[in-house]
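In: below are the sequence and a predicted model for it; my questions follow.
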Amino acid sequence: MSTSFSRADRIASEMRREIASLLHRELKDPRIDPLIGVSEVRVSGDLSIAKIYVSLDKDDAVVKETMAALNRAKGFIRTRLSDSLRLRKTPELVFIYDDTLRRGNRLTGLIDEALARDSLSRDTEEE
């Protein structure tokens, strides 16, 4: 059984690649952390709005500054997307912070810490 993607899904996929490239190659704003990633893009069915989920494993101040800079750069990013995607109307961009990376790293740290404590307690029991 073949999987079919809607036009919005295909555009979202292409937008994700293009925006990631723009953020790393063309956008030279020092307030945008170079470790930012585009985790997902969701385009509405009528292609009027694109929600861009960006991930960054930094403290709240850096995240807030990066998100503000992205929102200020919306026009530039949208213009570049319009040039590369050749859509009749480029969707309105909405940047959303995705904290999945930060939560995942926090959980990994907690697991590592628990394993280290467990290993230490086993070592002291053996002595």
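Out: Great, that's in hand. Residues are numbered from 1 along each chain as shown.

In: which parts of the protein are helices?
Out: Remark: helices assigned in the chain by DSSP state H are 7-21, 60-72, 74-85, 100-126.

In: tally of neighbours for residue 32?
Out: Counted with other Cβ atoms under 10 Å, the neighbours of residue 32 add up to 22. Every C-beta, even on glycine, is put in place using the N, C-alpha and C of the backbone.

In: what sits against it?
Out: 23, 66, 69-70, 73 (Cβ atoms under 8 Å, 6 or more residues apart in numbering).

In: and what of residue 45?
Out: Residue 45 touches 6, 8, counting by Cβ under 8 Å, 6+ apart.

In: redo that, cut-off 6 Å
Out: Counting by Cβ atoms under 6 Å, 6 or more residues apart in numbering, residue 45 makes contact with residue 8.

In: give me the pLDDT for it.
Out: Residue 45 carries a pLDDT value of 89.

In: could you do residue 5 as well?
Out: 68.

In: for the one 5 residues further on, same thing?
Out: The predicted structure scores residue 10 at 91 on the pLDDT scale.
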